[in-house]
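Peer 1: Sharing a model that was predicted from the sequence below.
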Amino acid sequence: MKGELIPYKMLRQDAFSQWLGIEILECEVGRCKVALTIRKDMLNSMNKAHGGISYSLADTAFGFAANTHGKYAVSIETSINHIEALEEGDYLVAESVIEKVNNKLGFNVIEVKRDDQLVALFKGVVYRTQKDWED
């Protein structure tokens, strides 16, 4: 399967990302950009977006980009820095760019932005299996 098509297949099989309303904006081998809009049911007790929302958006971008190389890839370590509070209606974009790839490991940095403002920074390490994505 062509690498840039894999994230679309992944999204079709990912009920959680669909519930979040994630859309793929751009995708190529080694890079994926996704987005969502913060809804009322994503807010915490302080009426701000739950931290898990920006984390999940970045994690989805991370997983999609990591799998574009054609092998099943799974995260083994992730972290996030929440930089700005998020509100209902905010439109978030996360872009994952592969920083380094070798046979087994990939290292990614994902920026989550609201317009041009950086609101979260996610870092992840992925383990690349030998299993190929099939059509």
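Peer 2: In hand now; what should we look at?
Peer 1: Could you look up the SS state of the closest residue to Val93 other than its chain neighbours?
Peer 2: Excluding its sequence neighbours, the residue lying closest to Val93 (Cβ to Cβ, 6 or more residues apart in numbering) is Ala35, at 4.6 Å. Just so you know, the C-beta spots here come from the backbone N, C-alpha and C atoms, and that holds for glycine as well. Classification of Ala35 using DSSP: H, G, I helix; E, B strand; the rest coil returns strand.
Peer 1: burial of Ala35, as a residue count?
Peer 2: 19 (other Cβ atoms under 10 Å).
Peer 1: again with the one 10 residues further on
Peer 2: If you count neighbours by other Cβ under 10 Å, Ser45 ends up with 6.
Peer 1: so it sits in a helix?
Peer 2: No: under three-state DSSP, Ser45 sits outside any helix and is assigned coil.
Peer 1: Angles on the backbone of it, please.
Peer 2: phi -70, psi -10 (degrees, to the nearest 10).
Peer 1: returning to that earlier point: make sure the residue nearest to Val93 is actually in contact with Tyr91.
Peer 2: Yes: here Ala35 reaches Tyr91: they are 6.5 Å apart, a contact under Cβ atoms under 8 Å.
Peer 1: Noted, bye for now.
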